[in-house]
Structures are given as C-alpha cells and as structure tokens.
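Engineer: Mind folding the following:
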Amino acid sequence: MACWNAAIGRLQWSPVRRVCRVEARAKSSDMAVIAVEAIAAAALRTRLRSHSNVAVRVKASSWGILAGRLEGAKVEGRGWESPLGLTARIVDVEVGLVELDIPAVFAQQRIVLRNVPLGSARVVFNAGDFGAFLQHPLVSAAARTAVRGCPFLFDRAGVTIVPGSGSGCGCVLLSGTLPTNGQRYQLSMRPTRDGRAVAVAATPTGAMKDLAYLGQKKELENAGEQSRTISRPGWTAAAAGSIGAESLATAGSGEEDPLVSEELSRFFSGLLVDLQGAELTFDSMRISRGLSSDSGQRGLIGSETGDVAASGPVRSSGSIARGRFGGISVDDGEAVLELDLRATIRSFPPLDVRF
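Structural biologist: Alright, predicted model coming up:
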C-alpha cells in the first residue's frame, strides 16, 4: 500500500513540478530579454549627444536568448543627434538573425556581435536635418568624388522640402558649388522609379566669387594631399576641362547642366554611409507632409503569445509585442524626407563615436 501511495504521489506532483520548472525557465528568459534590451538601449544613449527616445526590442525563443541567438531586433530613435551633429526626426533600424556574445553582454555591459545582421532602416529628416546631413563629414567625404571624381560642395542653408500635390511626389530644393568649374548650382532632388532612385536637376546660377572659389579650391587640394581617398590627383585642370566641355548650360539661362545632374543623381542613388560598423545603403526615398510618429510603422517585429512551455517565442518587454512604438511627432504640415535604407551591421558603434 505504501508503494502504491508513493506512485500516486509521483503521478500527482510530477506535472506540477514540470510546470514550475518551465515557468522558472520562462521567467529567466524574460529577464534575459529585458536585460539585453536595456543594455543595448543604454549603450546607444551613451553614444548620442541628445535624443527624445531610444528603444530596443528583441525577439528570441526561450533557449535562443540564453545562447545569445536573437530571431530579430529593432532599434527605434526619436529626435536623435550624434556627437558631430547628425540629426533626424525618426530613426528605425530592424534586423533579422542576431548572434550576441552573451558573456560580454552581461559581464561587461557591451554589445559584441558574433555575426553580421542584415536588415533595413528608415530615417526621417526635416529640412534642417537634411541640411546638417549634407554638411556632415561622412557625406562631405563621399561627395569629394561626386562629379566625375571631382568634389561637389553642398550648402547647409537654404534646404527646402516641397511636398507633392495630387499625383506629384514632391522634391527637395538645395544648392551647392562645383569648384572645378567655379559654378554655383541650384538643385532639385526628387524620387523616381517609384522612389527606388533619385533624380537631380542641377541648374547653374552663377560663378562663385573669386575669393570663395580660390579658398575652397585650396582647401580641397590640401585635403587631397593628406588623404588618398578624398580625391583623384590632377582634378583641378583635366577634370575641369572635361566638365566644361560636356556642359552646355550657362548660368542664368535656366537650363539644366546634364553632366552635373546625371552625376549627382548617381551619387544620391548609390549613397552608402558607414556609421562605424553600421553600413546604410540607399534603397528608396519619398517626401511626406504632416508625418507623425504613428504613421508609416511597418515591418515591426511582433512577439507571439505562444506557449512558453513548448520553448515558444519569448515575449519581449515593452510595446513591440503589439507592433507599435511611441515617440515624438513631427509638426503637423511639416514636410519631411523619408529614406529607406539597407542595413548591414558589422559591429556595434564604439564609445568614441565619430559621426
């Protein structure tokens, strides 16, 4: 009889013990998810000069999170400003499989990647943001070979985002100079091919003033001597002659410069920005009016609410489970430029951010 009672006791209590063990494992996994999100968000905050919101959400199975394997991750930013003045109203980055060095995460509070996550990003600029972007060292360096291997200098001031009306897609008005021929240009940039490419119309507006022209030319020549990657040697004479020969537009005529237009269209359509390990490549652009933080939310990772006992997906903390984020809103009626980008994350940006 005693043996029979003991057997009955095991049958009665074993399922309860299994449930308790599963619940403990689930709680441990939930805590690991929360810890990873908190550490990543804190690491991003320390790398920004200012921000309105930083949020990180991850998706992982109960066993995967403990092994450092995430099924997906999303970073949300609102009102970000980098140490060198790169600003944006909205920054959303979403990647697929992420493999983390878990000992480094928990013991050293560092985000160390064991793979190269791939995904997408969305950046929303207002006019001031885009002006700062054009003058940022990363873009300025890329623009040093924008026109037939010669530099184009974008102006920070005077950027205007014009929303479309009816079936129009809108445009961005900006300006800049081409030191090789001493011309200033008014630029109109708009999306084409359903936003998958950028079309730039460059119209010469007049010659640069002599002192400004000579100063910029000397600065670029000095920079070219200091860095092999900034410009090609010999651009000052040969390249200027080539550009002058192919351009038929004259200042004040209202005609587009076909060469500069084509080269700047190619430059923006193929733009790649490397944020010290986070490579962002142009995918598409569009112009919107009155964008709010709740609009355009797409492709967010949503955690499932499956049975944790079956090692199902662990619900991440915060609102990613509902597929929505909070955040600042863009002023009603304010026109903004939205860029969709392909993201390749080779490493987490270091503490000494230089962008």
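Engineer: Mind giving me the packing neighbours of the strand or helix carrying K59?
Structural biologist: For K59, the enclosing helix or strand under DSSP states H and E is strand 53-61. Applying 3 or more C-beta pairs under 8 Å, 6 or more residues apart in numbering; DSSP states H and E, one finds that strand 53-61 contacts helix 2-46, strand 69-70, strand 72-81, strand 313-314. C-beta: built from backbone N, CA, C; applies to glycine.
Engineer: same thing but 10 Å
Structural biologist: helix 2-46, helix 62-66, strand 69-70, strand 72-81, strand 87-95, strand 98-99, strand 313-314 (3 or more C-beta pairs under 10 Å, 6 or more residues apart in numbering; DSSP states H and E).
Engineer: That strand to strand 72-81, inter-axis angle?
Structural biologist: 170 degrees (axes from the mean of the first three to the mean of the last three C-alpha atoms, to 10 degrees).
Engineer: Pairing partners for strand 53-61, with directions?
Structural biologist: Each strand that pairs with strand 53-61, with its direction, by DSSP bridges: strand 72-81 (antiparallel), strand 313-314 (antiparallel).
Engineer: Check these for me and report the most buried one.
Structural biologist: Across the strands paired with strand 53-61, the average number of neighbours (mean count of other C-beta atoms under 10 Å) peaks for strand 313-314, which reaches a mean of 24.
Engineer: immediately after that strand, which helix or strand?
Structural biologist: strand 335-345.
Engineer: can you tell me the average pLDDT over that following strand?
Structural biologist: Mean pLDDT, strand 335-345: 97.
Engineer: Quickly list what S120 is bridged to.
Structural biologist: On the basis of DSSP bridges, S120 is bridged to E94, R342.
Engineer: so it sits right up against G72, yeah?
Structural biologist: No - using C-beta atoms under 10 Å, S120 is not in contact with G72, being 11.5 Å away.
Engineer: List the residues that are in contact with both of those two.
Structural biologist: Residues within reach of S120 and of G72 at once, by C-beta atoms under 10 Å, 6 or more residues apart in numbering, are 94-96.
Engineer: how about the residues you listed in JSON lines, adding neighbour count, pLDDT and distance to P349?
Structural biologist: Shown next, in JSON lines, are the shared contacts of S120 and G72 (neighbours: other C-beta atoms under 10 Å; pLDDT from 0 to 100; distance: C-beta to C-beta, whole Å):
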{"residue": "E94", "neighbour count": "20", "pLDDT": "98", "distance to P349": "17"}
{"residue": "V95", "neighbour count": "21", "pLDDT": "98", "distance to P349": "14"}
{"residue": "G96", "neighbour count": "15", "pLDDT": "98", "distance to P349": "19"}
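Engineer: Make JSON lines from these and add distance to T203 to it.
Structural biologist: Compiled in JSON lines, the shared contacts of S120 and G72 are given as follows (distance: C-beta to C-beta, whole Å):
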{"residue": "E94", "distance to T203": "38"}
{"residue": "V95", "distance to T203": "40"}
{"residue": "G96", "distance to T203": "43"}
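Engineer: A157: which of those residues is nearest?
Structural biologist: E94 (33.5 Å; C-beta to C-beta).
Engineer: mind showing which ranges of the stretch 151-300 of the chain have poor pLDDT?
Structural biologist: When residues are selected by pLDDT under 70, those of the stretch 151-300 of the chain lie in 166-167, 209-253, 290-300.
Engineer: Just the helices from it, written as ranges.
Structural biologist: Listed in chain order, the helices of the stretch 151-300 of the chain (DSSP state H, counting those that start in this stretch) span 210-226, 240-246, 258-269.
Engineer: Kindly report which one of the helices and strands packed on strand 53-61 carries the lowest mean pLDDT.
Structural biologist: Among those, strand 313-314 carries the lowest mean pLDDT, at a mean of 35.
Engineer: Which parts of the protein belong to which domain?
Structural biologist: Under the assignment automatic domain parsing, the domains of the chain span 22-129+271-345, 149-268.
Engineer: what are the phi and psi angles of Q109?
Structural biologist: Backbone torsions of Q109, given as degrees, to the nearest 10, read phi 60, psi 40.
Engineer: In terms of pLDDT, where does it sit?
Structural biologist: On the pLDDT scale, Q109 is placed at 90.
Engineer: Could I get the contacting residues of it?
Structural biologist: 35, 38-39, 42-43.
Engineer: can you do 6 Å?
Structural biologist: Counting by C-beta atoms under 6 Å, 6 or more residues apart in numbering, Q109 touches I39.
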